[in-house]
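Undergrad: Generate a structure from the sequence data that follows.
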Amino acid sequence: MQVRTLLRPLYLLYFVCIGGPLLVLATILCCLVVILSGLLGAPASFISWATSIWSRVCLAVSLCPVELRGRENLPSPDAPCVVVANHQGAYDIFALNGHIGIPFKWVLKAELRKMPFVGKACAAAHYIFVDETKPSSIVHTLEDAKRVLATGNSIFIFPEGSRTETGRMTRFKKGGFVIASELDVPILPVSIDGAYDVLPRGHYLPSPHKIILTIHPAFRMSELAEPPAHIAASARHAQQTIASVLPRERKD
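TA: The predicted model follows:
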């Protein structure tokens with residue numbers, strides 16, 4: 001602990017002078033590449049490759065290695081699914097984007113459209129935006145999700161909706177499971193451990209820390225219960241599965 005406390009100023013100096021500027025530069029370049037690719041009609045595989053490289057660069061310059069466990073549970077690229085993961089912090093996106101390795105589109109909050117560069121890049125990449133303030137938004141989300149799955153892409157979503165404030169999971173919302181039910185695709189639970197230690201909510205400078213991604217076996221909602229109870233049952237099952245390997249979720 002004392003060694004880490006002594007190294008913290010050195011890391012902050014490195015990140016402010018080197019790592020942070022490189023991360024910002026990589027983000028701007030990636031956004032420009034994605035926006036241009038969208039305008040030119042580049043294939044989705046190229047955009048996925050570009051965003052994967054960007055994510056890995058951001059992790060590298062932040063000195064945050066990623067360990068992937070359960071690789072054998074990943075579906076084949078031509079078997080789309082709904083990927084659900086806990087949301088520990090901003091670095092979740094880098095870890096998933098850079099290391100899951102299947103074609104996918106994010107389900108994002110509508111307000112992210114307003115972010116400079118990032119919002120336009122996400123729109124150019126044809127990510128799915130959902131406005132949680134409008135109940136009718138789920139209809140448009142389902143239509144967008146159908147188009148995504150028809151192209152062989154999976155869907156990534158954080159069922160908690162927002163990053164955790166304490167490091168522990170909050171209750172999963174049902175939107176992602178409604179999508180999986182309506183489109184009849186399996187759920188793939190993914191546990192993220194370590195991203196909260198990198199950059200907790202409300203902080204602006206990261207800390208170097210290992211991030212562990214655990215891929216769990218996919219399941220079909222019909223295996224758990226009959227409709228409509230299968231939605232709540234699947235949300236509970238996914239949350240329990242994800243929590244099973246997270247130290248912060250274990251009871252004292």
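Undergrad: Residue 106 - that's part of a strand, no?
TA: Yes - with DSSP: H, G, I helix; E, B strand; the rest coil as the criterion, residue 106 is located in a strand.
Undergrad: burial of it, as a residue count?
TA: 21 (other CB atoms under 10 Å). Where you see a C-beta, it was placed from the backbone N, CA and C, and this is true even at glycine.
Undergrad: Leaving out the residues flanking it, which one is nearest to it?
TA: residue 127 (4.5 Å; CB to CB, 6 or more residues apart in numbering).
Undergrad: looking at it, that neighbour is touching residue 105, isn't it?
TA: Yes - using CB atoms under 8 Å, residue 127 makes contact with residue 105 at a distance of 5.2 Å.
Undergrad: Tell me how far the residue nearest to residue 106 lies from residue 156.
TA: Distance, residue 127 to residue 156, using CB to CB, to the nearest Å: 9 Å.
Undergrad: Comparing those two, which shows the higher neighbour count?
TA: Per other CB under 10 Å, whichever of residue 127 and residue 156 has more neighbours is residue 156, with 26 against 21.
Undergrad: show me the residues around the more buried one that make contact.
TA: Contact analysis of residue 156 by CB atoms under 8 Å, 6 or more residues apart in numbering lists 83, 85, 96, 100, 104-107.
Undergrad: What about residue 234, how many residues nearby?
TA: 28.
Undergrad: Tell me which helix or strand it sits in.
TA: Assigned by DSSP states H and E, residue 234 falls within helix 229-243.
Undergrad: Kindly list the main-chain dihedrals of the closest residue to residue 90 other than its chain neighbours?
TA: Spatial nearest neighbour of residue 90, chain neighbours left out: residue 199 (5.3 Å); criterion: CB to CB, 6+ apart. Residue 199 adopts backbone torsions of phi -150, psi 90, taken as degrees, to the nearest 10.
Undergrad: I'd guessed residue 199 sits against residue 92; true?
TA: No - using CB under 8 Å, residue 199 is not in contact with residue 92; the gap is 9.6 Å.
Undergrad: okay, those two: which has more neighbours?
TA: The residue with more neighbours, out of residue 199 and residue 92, is residue 92; 24 against 21, by other CB under 10 Å.
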